[in-house]
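Novice: Return a 3D structure for these sequence lines:
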Amino acid sequence: MRTLLLLTLLLYRLLISTTTRTTFSPDEYYQSIEPAHHFTYTKGHLTHEWQNAIRSTIYPTLIAIPYTILKLTHTDTAKAVLYAPKILGGIIAAAGDVGVCKYATKMYGKNTGNVAVCTTTSISLTDQMLNSHNSYYSR
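Specialist: This is a model prediction of the structure:
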């Protein structure tokens, strides 16, 4: 049962991360994806925060890992480079769900973990469905 729940959560988070076609703020790209692309391919624009080393490189480095794998395996097509950070984000979100489940189980008992994950997932789904940024799509 637990394996099915975890697989469902992973698929759910991957679905959300790969189908969302809008951004809340373009700054998201300049603080994560753009530096990761620059670290891997030495191309792209870096803002003054990166040129003056006042930002943490932890999250861009995480994104650079799949970029580097794509580069080394010569599978770094435009779509692969586009979806790599989205898939990574889905995996990180699913890992957060697993953490909520484990914490709730440890704190409140065996059956509570599944309820906690379902509750947080329902809140996330409701947020995704009601978020006006997700209803706007521009090419």
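Novice: for the most centrally placed residue in the chain, what are its contacts?
Specialist: Residue closest to the average C-alpha location in the chain (Cα atoms, centre = their mean): residue 89, at 1.2 Å. By Cβ atoms under 8 Å, 6 or more residues apart in numbering, the contact list for residue 89 reads residue 17. Quick note: C-beta positions are derived from backbone N, CA and C, even for glycine.
Novice: Now the residue of the chain positioned farthest from its centre: phi and psi?
Specialist: Distance from the C-alpha centroid of the chain peaks at residue 109, with 29.0 Å (Cα atoms, centre = their mean). Per-residue torsions, residue 109: phi 120, psi 170 (degrees, to the nearest 10).
Novice: Next up, the contacts around it.
Specialist: With Cβ under 8 Å, 6+ apart, residue 109 has no contacts at all.
Novice: thinking again about what came up before, can you tell me the SS state at the residue nearest to the centre of the chain?
Specialist: Put simply, residue 89 is helix when judged by DSSP: H, G, I helix; E, B strand; the rest coil.
Novice: Got the confidence number for it?
Specialist: pLDDT recorded at residue 89 is 89.
Novice: remind me which residues of the chain are low pLDDT?
Specialist: Applying pLDDT under 70 to the chain flags residues 1, 23-26, 28-29, 111-139.
Novice: ok, now with 80
Specialist: Judged by pLDDT under 80, the chain has its weakly predicted residues at 1-2, 5-6, 21-30, 44, 97-98, 100-139.
Novice: how far out from the middle of the chain is the helix or strand residue 83 falls within?
Specialist: For residue 83, the host element (DSSP states H and E) is helix 78-108. Relative to its chain's centre, helix 78-108 lies at 7 Å (Cα atoms, centre = their mean, to the nearest Å).
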